[in-house]
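> Pasting a predicted model and its sequence here:
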Amino acid sequence: MEPAGAPPARTPHRLNPAGGCPHADNARLVAGGAVAPVELPGGIEGMAVLGHEALREFLQHPEVAKNARHFTALREGRITAGWPLLTFATVPGMTTADGADHRRLRALAARAFTPRRVAELRPRVEELTDALLDDLARAAACGDGVADLRRHVALPLPMGVICELLGVDVRFRDRLHHLGSRVVATDTPPAEAVAANRELLAVLGEIAAAKAIRPGDDLTSALIAARDEGGDRLSQQELIGTLLLMIIAGHETTLNLITNAVRALCAHPEQLDLVRAGGASWADVVEETLRWDAPVSYFPFRYPVRDLTVAGTLIPAGTPVLAGYSAAGRDPAAHGPDADRFDLTRTARPGAVRHLSLGHGAHYCLGAPLARLEATVALERLFTRFPALRLAVPEADLQPHAGFVGNSVRSLPVRLAPEGTDPGPRAGRTGMDP
């Protein structure tokens, strides 16, 4: 029975394991409150923090943990081996560590993502982008002027960069993407999820073992050799977990970011014209896309270590909580009554609120500078090379991303040039250098 005067309990929102565009559901949920009960796969009770200010508070709350030992349903044995979100909860590494453990793991990896190190990567990012645009043009020339931008540019660019940083051989890359996408998709059948996770860990173990025998000038070798101030190295489980995090997060988020930015610009040609006229920058495109169509919609998990009240809603201790980045990005309370409008001038407004789509607090995205660099370079060079680029199908025909964690579409067919013209590669280019 509800206490006298208490608002009626909200019916849990069932998150669709198959995914779909989140924005209509988000608008309805945020209108009912900044925190909402949700039903996770398998009937597991959870919560989602959706409002901007509530999420900002929750992400940095000192009594909110990432370690799955605080996950009540897992501790009670109610989570099966094939549960589609199990890897998010249990993978060893910085995303499931707290306090001193988190600081140790993050410090060992952070040296590769300093602003100086990222700036040094720009020439290689530009080189890879140009080669991929040649591949895109070739694909379009063979496809009646149409090619899948997600497949030919948005995916291989961040995957190529992160794998080069880690020293991962080209032959592993397609397999790592396929397995990673199966592991993080919320609609993967249990048996397939278990098999994909097992194979992914085996592939990463093979990569790590080869680097231990023959170290190179790469981040994997550095992680194997590195010791923190106390003399500790990463354990084998921590090393594999760190590689898994860097490869999946290092390409999936940027893949969705580039895809969503191109979609947004094609759907809002007046905003693209604004960039071309100098009224906004490509960096503005990246930031507004992160807010308006966040590449990660609901990120698992955080757990209150005691009962917490957030934005007037009780979240019991041990509840798995999703960070609702796509909802927070369009929260009218933070971004104004036109929060659902794609507007590159938004960040220049007095009192503009910065988005949370790359996290906040101690777990802020380690690769944020690299993601921003890759997306900015890709967009500028893409629309400079192909100024007539447009979607080749109606926006409504694009198939949403599988699962409710990532937010994008499965493919992005684009037409590079007006029909009847040749969008072929520039003379002298030979394609992507592996």
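Yep, that arrived.

> And Leu255, how far from Ala333?
According to C-beta to C-beta, to the nearest Å, Leu255 and Ala333 sit 30 Å apart. All C-beta atoms are positioned from the backbone trio N, CA, C, and that covers glycine.

> With Met47 instead?
Taking C-beta to C-beta, one finds Met47 at 19 Å from Ala333.

> which one of those two has more residues nearby?
Met47 (25 against 15; other C-beta atoms under 10 Å).

> My reading is that that one lies in a helix. Confirm?
No - secondary structure of Met47 (DSSP: H, G, I helix; E, B strand; the rest coil): strand, not part of a helix.

> pretty sure it contacts Val321?
Yes - if you go by C-beta atoms under 8 Å, Met47 and Val321 touch, sitting 4.9 Å apart.

> now the helices for the stretch 151-300 of the chain?
Under the criterion DSSP state H, counting those that start in this stretch, the stretch 151-300 of the chain contains helices at 156-166, 173-184, 190-213, 219-225, 236-267, 269-276, 282-292.

> can I get those helices in CSV with mean pLDDT?
Output for the helices of the stretch 151-300 of the chain, formatted as CSV (pLDDT from 0 to 100):
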stretch, mean pLDDT
helix 156-166, 93
helix 173-184, 88
helix 190-213, 91
helix 219-225, 88
helix 236-267, 93
helix 269-276, 98
helix 282-292, 98
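
> Redo those as TSV? Include distance to Arg381 and mean neighbour count.
Below are the helices of the stretch 151-300 of the chain laid out as TSV (distance: least, C-beta to C-beta, whole Å; neighbours: other C-beta atoms under 10 Å):
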stretch	distance to Arg381	mean neighbour count
helix 156-166	10	23
helix 173-184	21	19
helix 190-213	30	17
helix 219-225	25	19
helix 236-267	11	23
helix 269-276	13	15
helix 282-292	10	23
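
> What is the end-to-end distance of stretch 385-401?
The first and last residues of stretch 385-401 sit 27 Å apart, counting by C-alpha to C-alpha, to the nearest Å.

> If you count neighbours, what's buried in it?
For stretch 385-401, the buried set under the neighbour-count rule, 16 or more other C-beta atoms under 10 Å, comprises 385-386, 389, 391-392, 398, 400-401.

> what helix or strand is Ala323 on?
Element membership for Ala323 (DSSP states H and E) is strand 321-324.

> burial of Pro115, as a residue count?
Pro115: 9 neighbours (other C-beta under 10 Å).

> which residues touch the nearest residue to it once chain neighbours are set aside?
Nearest residue to Pro115 in three dimensions, chain neighbours excluded: Pro369, at 5.7 Å (C-beta to C-beta, 6 or more residues apart in numbering). Counting by C-beta atoms under 8 Å, 6 or more residues apart in numbering, Pro369 touches 113, 115, 118.
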